[in-house]
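Participant: dropping a prediction and its sequence here:
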Amino acid sequence: MMLLMLLTLAADFIYRESDLIPGAALVDKLKHVSQRDLLDVTKADSARCGPAAILNAYLLLGGDWPKIATKLGVQRPFTFENIHQAQEAVYNHANRHGEPGVFGGYLPDWDPSSGRYLGWKHKPTDEAHHIYEYLGLDHFPLYEPTKDAISS
C-alpha cells in the first residue's frame, strides 16, 4: 500500500492524511492545515480556500469539531483527511453556481426614495453567506461606506 504524503507551507512538515493533526492549541493544529490534499474523494482543492478559511474561523471562534464533523458527514478524529473532507463538504454545500470558488460579499443598501444609507445586504445567491448560516456564524462587514459614497 502506498502512503500518500503531503507537504504543507512549512517545507519541513510531512504528514499522512490519516495522521492526527499535531499541536496543543487549536491554532497550532490549524496552522498545519491547507486546502490541498491528495484524497481521491475530494475534487475542489483549488477552489475551496474560502470554505476552508470560514471553517477555520468557526473552529477558532469556539466551534465544536465533533458536532460540525457529524453535521458534515465526516469522521470525528481530528485528522488531516477528516478536516479536508469537512472543507470539501462545506464547499459542496455552498457552491450554488457550479463554478469553481465560493463567492460572497456585502452591498450597501440604499433607500430608493430618499437615497439614505440603510445598512448592508447580500444577494440571495451569495454563497459565502450560505456557509455562515450553515455553520451558525454571525457575520457582518467590518467597514461602512465612505462619506463620499453616502453623499452622492
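Facilitator: Yep, that arrived.

Participant: and stretch 18-33, how far out from the chain middle?
Facilitator: When distances are taken as C-alpha atoms, centre = their mean, to the nearest Å, stretch 18-33 is centred 17 Å away from the chain's centroid.

Participant: er, stretch 128-141 actually
Facilitator: Centre-to-centre, stretch 128-141 and its host chain are 10 Å apart (C-alpha atoms, centre = their mean).

Participant: buried sites along it?
Facilitator: Within stretch 128-141, the residues scored as buried using 16 or more other C-beta atoms under 10 Å are 128-132, 134-135, 139. (C-beta placed from N, C-alpha, C; glycine too.)

Participant: go on, stretch 88-99?
Facilitator: For stretch 88-99, the neighbour count (16+ other C-beta under 10 Å) marks 88-91, 93-95 as buried.

Participant: now stretch 116-124
Facilitator: Neighbour-count burial for stretch 116-124 flags 120, 122 (criterion: 16+ other C-beta under 10 Å).

Participant: rewinding a little: so which of the buried residues of stretch 128-141 comes closest to residue 100?
Facilitator: Comparing these against residue 100 with C-beta to C-beta places residue 128 closest, at 14.4 Å.

Participant: ok, the closest one - contacts?
Facilitator: The contact partners of residue 128, by C-beta atoms under 8 Å, 6 or more residues apart in numbering, come to 50, 54, 94, 102-105.

Participant: now do the SS call for it.
Facilitator: Under DSSP: H, G, I helix; E, B strand; the rest coil, the three-state class of residue 128 is helix.

Participant: before we move on, back to that, most neighbours among the contacts of residue 128, which one is it?
Facilitator: Ranked by the number of neighbours (other C-beta atoms under 10 Å), the contacts of residue 128 place residue 102 first, at 27 neighbours.

Participant: how about the helix or strand that contains residue 92 as CSV, C-alpha atoms only?
Facilitator: Using DSSP states H and E, residue 92 sits in helix 80-94. C-alpha atoms of helix 80-94 as CSV (Å, rounded to 0.1, in the frame of the first residue of the first chain):
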residue,chain,number,x,y,z
PHE,A,80,-5.9,15.8,8.0
GLU,A,81,-8.2,13.5,6.0
ASN,A,82,-11.2,14.5,8.0
ILE,A,83,-10.6,18.2,8.0
HIS,A,84,-10.0,18.1,4.2
GLN,A,85,-13.3,16.2,3.8
ALA,A,86,-15.0,18.7,6.0
GLN,A,87,-13.7,21.6,3.8
GLU,A,88,-15.0,19.8,0.8
ALA,A,89,-18.4,19.2,2.4
VAL,A,90,-18.7,22.9,3.3
TYR,A,91,-17.6,23.9,-0.3
ASN,A,92,-20.2,21.5,-1.8
HIS,A,93,-22.9,22.8,0.4
ALA,A,94,-22.3,26.4,-0.6
